[in-house]
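Colleague: Let's see this in three dimensions:
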Amino acid sequence: MIDDRPIRKLWYSEKPGPNGTVYVLWRGDTVVGGLTSQAEADIICHNDQERRRMASDRSNDLRKHHIEKSRRKQETQVLVGTLQKVTAVLRTCNEREMQKAKEEAGLILRKYRRLHAGHANAHAGFTVVEALVVMALAFMLLTVAVSVVSQGINASRIRAASQQLTMDLRLARLTAVTKRTTIDFVVSDNPINAYQYLDIRGKIHREVMPPGVRLTGSPTTIHFLPNGSVLGGASTILEVALTDSIVERRTIDTSVLGVPRLTVARLAS
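Modeller: Numbers count the residues shown, from 1 in each chain. Sure thing, here's the model as predicted:
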């Protein structure tokens, strides 16, 4: 403990000493010494004041260090909490949870800035935690952008594949009617994911689904009769995973008249 009570000098004592006036040094109400030289008394008082000032400075430095350590600990907790949310979202790859985590991270950043408004005003620029939180948010936004682009690519692929399949079904029906013969439209579902038929020039026309698009639950062969009809009709299903939880399904129903009709649905996987 630092004794901040000042030293009091008594210039004249009640009883003169054998060698003259005795200067009595006091700390509070306690006598700490006596001197016969006023200069020595001044030096002792000055040295004591310097000692107490240095001790006070060390105490202030320790206090500032403790405050800085606490602030850094809080900043680290904020950063770790934010990065944990980012990691959890990236593991689930759930858009709704990702948006929620982004909003929570923004709320944490705003709260952090309010708590440290004075420190931020006194020191221009950004702190390390602010920069790291912004980087985490940017990484989240980049992940969302990549996810959106990936969804767009997969949606474009299944759209093009379903349109091509619908057109080929119509061409197969036209070939059957034109040549007055039965045309077999052979569908090979997952994992082959391809179909083929004999076109109007007598050549085998084969199409393979683009990456990620699969054929499911389709009949092995669709028979187009010479009058263009299909016995019992048929359904050809194309699927693609847009995300881990959303699947786009395109169903092409070929009626008994041989006319294909396309329907689109998005399902939770």
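Colleague: Val264 should be in a helix, yeah?
Modeller: No - Val264 is assigned strand when assessed by DSSP: H, G, I helix; E, B strand; the rest coil, not a helix.
Colleague: Neighbours of the closest residue in space to it that isn't next to it in sequence, how many?
Modeller: The shortest distance from Val264 to any non-neighbouring residue, by Cβ to Cβ, 6 or more residues apart in numbering, is to Arg250 (5.3 Å). (Each C-beta comes from the backbone N, C-alpha and C, glycine too.) Per other Cβ atoms under 10 Å, the neighbour tally for Arg250 reads 21.
Colleague: again, but for Leu225
Modeller: So Leu225, with other Cβ under 10 Å, has 16 neighbours.
Colleague: and what of the one 5 residues further on?
Modeller: As a burial measure, the neighbour count of Val230 was computed by other Cβ under 10 Å and equals 23.
Colleague: Now it. Its backbone dihedrals?
Modeller: When read as degrees, to the nearest 10, the backbone of Val230 gives phi -130, psi 120.
Colleague: Can you give me the distance of it to Asp253?
Modeller: Per Cβ to Cβ, to the nearest Å, Val230 is found 10 Å from Asp253.
Colleague: Please apply the same query to His223.
Modeller: Noted for His223: a distance of 16 Å to Asp253, by Cβ to Cβ.
Colleague: who's more crowded, these two?
Modeller: His223 (17 against 14).
Colleague: Does the more buried one fall in a helix, a strand, or a coil region?
Modeller: Following three-state DSSP, the label given to His223 is strand.
Colleague: what does the model give it for pLDDT?
Modeller: pLDDT recorded at His223 is 95.
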